[in-house]
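Q: Here you go, sequence then predicted model.
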Amino acid sequence: MTYQHFDIRPLDECTPVHPDLTHDQVRALVANHSEKLRQNDTLANVYQSNMKCDWEDYEAQAVRFWCSALMKDQSYSGRPIGKYRSSAKQVCGDDIASWLNLFENAVEECVAETARANTMKCATQVVDCFHMAMIPS
């Protein structure tokens, strides 16, 4: 059986965060950010040991996630927060700030200048949601 995916959201909710942002830029952004994470001993350890992360798998999932978040293309499905919640005890506010700083550096290197502010706004909102979900209740 073949399923056809229909997007019934209002147009403003399925439009990329900026018209100058492309899928190629998002793929480059994820690859660049992933490389920066691997070079950061603290964050690489969080990904490798606490989340049992394979970098190739991480990048493939991250591309789908960020294309969904930034391009609104619905290429990602799942609940990513659960994966990160299990590592909450090993992650501190400084780690989250470092992650976001590396992401911002990757945005500067990979995303069209006109789309950078909207890309970072979306990324900051995503990181804030993850951070809140990781705080024990």
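A: Received, thanks.

Q: For the rest of this, base every contact and every neighbour count on C-alpha atoms.
A: OK.

Q: Who are the packing partners of the helix or strand hosting residue 132?
A: Assessed by DSSP states H and E, residue 132 sits inside helix 116-134. On a contact count with 3 or more CA pairs under 8 Å, 6 or more residues apart in numbering; DSSP states H and E, helix 116-134 meets helix 80-85, helix 93-110.

Q: Swap in 10 Å and give it another go.
A: helix 55-66, helix 80-85, helix 93-110 (3 or more CA pairs under 10 Å, 6 or more residues apart in numbering; DSSP states H and E).

Q: what would those helices look like in TSV with mean neighbour count?
A: Shown next, in TSV, are these (neighbours: other CA atoms under 10 Å):
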stretch	mean neighbour count
helix 55-66	17
helix 80-85	15
helix 93-110	17
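
Q: closest one to residue 25 among those helices?
A: Relative to residue 25, the nearest member of the helices and strands packed on helix 116-134 by CA to CA is helix 93-110, separated by 5.8 Å.

Q: sorry, back to before: got JSON lines for the helices and strands packed on helix 116-134, with mean pLDDT and distance to residue 20 too?
A: Formatted as JSON lines, the helices and strands packed on helix 116-134 follow (pLDDT from 0 to 100; distance: least, CA to CA, whole Å):
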{"stretch": "helix 55-66", "mean pLDDT": "91", "distance to residue 20": "15"}
{"stretch": "helix 80-85", "mean pLDDT": "70", "distance to residue 20": "27"}
{"stretch": "helix 93-110", "mean pLDDT": "94", "distance to residue 20": "12"}
